[in-house]
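[1] Quick one, structure for this:
(chains A, B, C and D)
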Protein chains: 2
Amino acid sequence: MLFRPNPSSGVPIYLQLMEQVKHAIETGALRPGEQLPGIRPLAEELVINPNTVAKAYRELEHEGVIELRHGAGAFVAAGPRARKATDNLRAGQALVASTVERLRARGLSDDEIRRLFEAELAGRATASRTGGQRG
Amino acid sequence: MLFRPNPSSGVPIYLQLMEQVKHAIETGALRPGEQLPGIRPLAEELVINPNTVAKAYRELEHEGVIELRHGAGAFVAAGPRARKATDNLRAGQALVASTVERLRARGLSDDEIRRLFEAELAGRATASRTGGQRG
DNA sequence: CTTACTGTGCTATCTCAGTAGTACAGTTGA
DNA sequence: TCAACTGTACTACTGAGATAGCACAGTAAG
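    Next up is the predicted model:
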């Protein structure tokens, strides 16, 4: 199973699904032109409502990530992503994997690791800035 | 300002606030026994409803992270976290910072970086596992 | 054409996060 | 005691996410 949204994470399911589709495309797990699972089969597999999948697909089409063909199915949009970008991201993936592994080896929980990253991405380096902030 | 929840991220504000309080405690920005901002002042500063802050505080007390003293205020719970753990996390923080920096230098967007980490933490290494999954 | 698939559109209903406003109760310090 | 703070509790309302179910429409293949 390629996608696995978590209904009890607080994050809307359709958003999680969107993220996971994007991730699959970025890493090359889904290639341009390739067909995505149908709305109803995917909803059944993930045990969620077809409307939820449809909403995710609709948003993804709006963002230009996928293409919806009425009656035919959903397909990964053609081409904006070059192989170089995919390779780049694959390399990043290895770096992330080793970082997470090292953090886990230190005994940090997944929640703690997640907070570290969120804080870093948000520009809040909590402990090292006494008064600093950004817009 | 120590906490900065994002109302339009899809994640409930009170959950974000809880995460950020935990993070501040873990990194040592808030020390055991130290008083947290009052519910009303904090709500006003973050431009959110006092009920939302109150909910976050209540949940945090339920988890044993902080202690609420009626009429007196909210305080960081005493002691379960040793200095060693904090040092450990601070070191992890540096590792995370350098990792994120390297990913950004590669031209990856924050969204892409976030997806990489989420996928790694969730055990979904999309591109490198053809059929594998975990419970 | 017919069948079986695909996406589209709609309504009704439920839950819960968040807002808004008010009232109550314990603590602190002058 | 009194004032000003603190957290607590409750009701009512709004909006979004999600479920459920149904009807409609385009596509592909026999």
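
[2] What about the closest residue to residue A:3 other than its chain neighbours, how many residues nearby?
    What sits nearest to residue A:3 in space, not counting adjacent residues and going by CB to CB, 6 or more residues apart in numbering or on different chains, is residue A:20, at 4.6 Å. All C-beta atoms are positioned from the backbone trio N, CA, C, and that covers glycine. Look at residue A:20: counted by other CB atoms under 10 Å in any protein chain shown, it has 22 neighbours.

[3] name the element residue A:20 belongs to?
    helix A:13-26 (DSSP states H and E).

[4] in the lengthiest helix in chain A, what counts as buried?
    Determined from DSSP state H, the single longest helix within chain A is helix A:83-105. Neighbour-count burial for helix A:83-105, with 16 or more other CB atoms under 10 Å in any protein chain shown as criterion, is recorded at A:85-86, A:88-89, A:92-93, A:95-97, A:99-100, A:103.

[5] Tell me which residue of chain A lies closest to DNA strand D.
    residue A:71 (2.5 Å; CB to the nearest atom of the strand).

[6] Give me the spatial nearest neighbour of residue A:99, chain neighbours excluded.
    That would be residue B:99: by CB to CB, 6+ apart, it lies 4.5 Å from residue A:99.

[7] Next, the distance between the ends of stretch A:27-35.
    Its first and final residues considered, stretch A:27-35 spans 16 Å by CA to CA, to the nearest Å.

[8] So is that stretch next to chain B?
    Yes. For stretch A:27-35, a contact with chain B is found by CB under 8 Å from any CB of the partner chain, at A:27-29.

[9] what's stretch A:21-38 in contact with?
    A:2-3, A:42, A:45, A:56-57, A:60, A:65-66, A:73-79, A:81, A:85-86, A:89-90, A:93, B:111-112, B:115-116, B:118-119, B:126-127 (CB atoms under 8 Å, 6 or more residues apart in numbering or on different chains).

[10] Stretch A:95-103: how far from the chain's middle?
    Centre-to-centre, stretch A:95-103 and its host chain are 18 Å apart (CA atoms, centre = their mean, to the nearest Å).

[11] The closest residue to DNA strand C within chain A: neighbouring residues, count only.
    Nearest residue of chain A to DNA strand C (CB to the nearest atom of the strand) works out as residue A:38 at 3.1 Å. The number of residues packed near residue A:38 is 14, by other CB under 10 Å.

[12] pLDDT at it, what is it?
    For residue A:38, the pLDDT comes out at 96.

[13] ok now stretch A:53-61, how far from the chain's centre?
    On CA atoms, centre = their mean, the centre of stretch A:53-61 falls 14 Å from the chain's centre.

[14] oh sorry, the question was meant for stretch A:72-79
    18 Å.

[15] pLDDT averaged over it - what is it?
    Mean predicted confidence for stretch A:72-79 is 91.

[16] Next, see if it gets close to DNA strand C.
    Yes. Applying CB under 7 Å from any atom of the strand, one finds stretch A:72-79 touching DNA strand C at A:72-74.

[17] For the residues you listed, pick the one with the most neighbours.
    Going by other CB under 10 Å, residue A:74 tops the residues of stretch A:72-79 next to DNA strand C with 23 neighbours.

[18] Now for the residue of chain A closest to DNA strand D, how many residues are close by?
    4.
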